[in-house]
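[1] Sequence first, then the predicted structure:
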Amino acid sequence: MNTELRKQLEELYGRQNFGIKMGLEVVLELLDRIGRPHLSFAAIHVAGTNGKGSVCAIMESALRQTGARTGLYTSPHLVRFNERIRVDGVEISDAELGELFADMRPAIERTDSDSGRKATFFECATAIAFEHFRRKGVRIAVLETGMGGRLDATNVVEPAVSVITPISIEHTRYLGPDMRSIAREKAGIIKKGRPVVTADQPDEAFDEIRKAAAERGSPLVSATEKVSVARVSVDPDGQKVRLRSEERDYGMLHLALHGRHQLGNLATAVAALEVFNSVVGRDVVTPDAVRAGAALTVWPARLQVLNRNPMVVLDGAHNPGGARTLAEAVKDFGIRGRVGLIIGMCEDKDISGFCGALARVVRRAWAVPLRTERGLPPSAVARACRDAGWDATEASLDEAVAKGIEWAAAERTALFMAGSLYLAGEVLEKWPKWGFGVAGKEPVSGLTSRTQESG
């Protein structure tokens with residue numbers, strides 16, 4: 001990264017100091033100044049709490065197999081800002097990002113002065129993504145909301161399809177104190193007359209989505225009613241599933257994402273793609289595109305296998321629900337015995353609940369610091385680990401990885417790393433420098449392919 005781009009990104013990150021400002025007026029003013037790039041492509045818009053990124057990644061991968069130029073906008077990034085903005089699966093380059101920022105700076109500054117407040121980090125990032133998509137000739141973009149939906153900066157598009165993944169309580173300061181208020185905000189991405197696909201939801205959340213769809217005359221499609229996914233087996237590279245919908249039988253396919261929860265994400269993605277086909281009036285996304293897309297989906301730090309002998313798995317889980325998914329994954333992977341865990345967590349997270357959900361599958365833990373002021377001290381993390389019944393010590397990340405891999409190899413088990421996206425990002429940044437194996441290069445110790453019942 002050159003010095004000029006580093007300065008530009010520092011300026012962009014500095015806008016995080018302006019806080020989170022919910023509303024569309026400023027981002028619309030900025031987009032107007034640069035020629036309304038958000039109107040230059042078709043869009044599938046995704047809101048929700050859990051699985052948004054995975055659903056987006058599956059859909060974009062399948063759309064890319066059709067030959068159409070695709071855009072993908074997601075957040076947050078793990079290592080580099082560039083990860084947020086992709087065209088045909090390729091991150092925006094440093095040169096493209098620098099040129100866009102330089103070209104758009106006058107419009108951003110004019111918006112700052114005329115709108116009554118400064119554009120936020122996310123508003124600027126969203127405008128940069130949309131302008132990049134226009135310049136690259138994107139035909140269909142998959143867009144993930146940053147927070148909520150109704151007042152999120154991405155909600156300026158008129159999507160072909162809106163998608164809502166499972167909703168849970170989050171961001172109560174901005175979205176409201178309970179499930180209904182949060183669901184209302186996320187249902188704000190539903191546009192008049194445009195179809196909406198929803199994943200399986202808590203009753204209160206589904207009720208709010210149903211009301212919003214009815215008020216706007218939008219056809220409502222339940223992914224779980226439209227699409228069924230049955231797991232057949234699990235292997236080191238993902239899982240084999242049988243997929244069928246009301247409209248077609250996709251047969252057997254390979255999903256390159258781990259975890260039973262990804263079956264629901266696949267169902268949601270496929271339901272949305274079938275609805276997209278009906279909106280455009282032709283089979284843009286064919287069964288072959290879905291099968292190829294599922295097999296080629298990449299979504300880092302979601303039960304990502306970094307090493308095979310011993311097995312090393314990285315996940316961004318940071319709450320009790322995510323920890324339960326990790327516990328299920330230990331069983332799915334067929335790992336013999338309890339595993340090791342490298343853990344770092346932020347101070348606002350439920351660490352006791354997180355560790356409690358993993359209590360029966362972890363034996364040894366290394367508590368590490370995070371590269372953020374919000375990180376819990378390793379001493380506090382280690383204490384929570386011991387309270388869960390584990391042998392736990394404090395360590396630097398580098399030391400923890402070296403010792404953890406050595407321990408897992410000796411014990412013929414696996415090493416997991418989880419607790420924070422900050423930790424996941426640092427691991428992904430440093431992993432190539434540590435010189436360990438890469439997923440796919442060596443046989444897996446303590447891992448077998450397992451046949452599963454329907455999920």
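    Arrived safely.
[2] roughly how far is stretch 253-267 from the heart of the chain?
    The chain centroid and the centroid of stretch 253-267 are separated by 13 Å under C-alpha atoms, centre = their mean, to the nearest Å.
[3] Stretch 333-346 now?
    With C-alpha atoms, centre = their mean as the basis, stretch 333-346 stands 21 Å off its chain's centre.
[4] What of stretch 246-260?
    19 Å.
[5] how does the chain divide into domains?
    Following automatic domain parsing, one gets these domains for the chain: 3-296, 304-451.
[6] The stretch 251-400 of the chain: helices as residue ranges?
    Along the stretch 251-400 of the chain, counting by DSSP state H, counting those that start in this stretch, helices occupy 261-280, 287-296, 320-332, 351-357, 378-387, 397-411.
[7] Where among those helices is average confidence lowest?
    Least confident of the helices of the stretch 251-400 of the chain, judged by mean pLDDT, is helix 320-332 with a mean of 91.
[8] Distance-wise, check the residue nearest to Ala327 when sequence neighbours are not counted relative to Ala380.
    Spatial nearest neighbour of Ala327, excluding adjacent residues (C-beta to C-beta, 6 or more residues apart in numbering): Val361 at 4.9 Å. Bear in mind the C-beta positions are built from the backbone N, C-alpha and C, glycine included. With distances taken as C-beta to C-beta, to the nearest Å, Val361 is found 22 Å from Ala380.
[9] ok, now Gly148?
    The gap separating Gly148 from Ala380 is 31 Å, by C-beta to C-beta.
[10] Out of the helices of the stretch 251-400 of the chain, the one nearest Gly67 is which?
    Evaluated over the helices of the stretch 251-400 of the chain, closeness to Gly67 peaks at helix 287-296, with 9.0 Å, by C-beta to C-beta.
[11] A strand includes His45, no?
    Yes - the assignment for His45 (DSSP: H, G, I helix; E, B strand; the rest coil) places it in a strand.
[12] so it makes contact with Thr145?
    Yes - here His45 reaches Thr145: they are 7.3 Å apart, a contact under C-beta atoms under 8 Å.
[13] neighbours around the residue nearest to Ala327, how many?
    Val361 is flanked by 20 other residues according to other C-beta atoms under 10 Å.
[14] got it, and Ser40?
    Ser40 is flanked by 16 other residues according to other C-beta under 10 Å.
[15] what does Ala95 give?
    Counted with other C-beta under 10 Å, Ala95 comes out at 10.
[16] show me the contacts for it.
    Neighbouring residues of Ala95 by C-beta atoms under 8 Å, 6 or more residues apart in numbering: there are none.
[17] cool, and His258?
    Applying C-beta under 8 Å, 6+ apart, the residues near His258 are Val234, Gly238, Gln239, Arg302, Leu303, Gln304, Val305, Val313, Ala329, Asp332, Phe333.
[18] repeat that with 10 Å
    Listed by C-beta atoms under 10 Å, 6 or more residues apart in numbering, the contact set of His258 reads 234-239, 302-305, 313, 315, 325, 329, 332-333.
[19] related to what we said a few turns ago, overlap in contacts of His45 and Thr145?
    Joint contacts of His45 and Thr145 (C-beta under 10 Å, 6+ apart) are Asp152, Thr154, Asn155, Ile164, Ile189.
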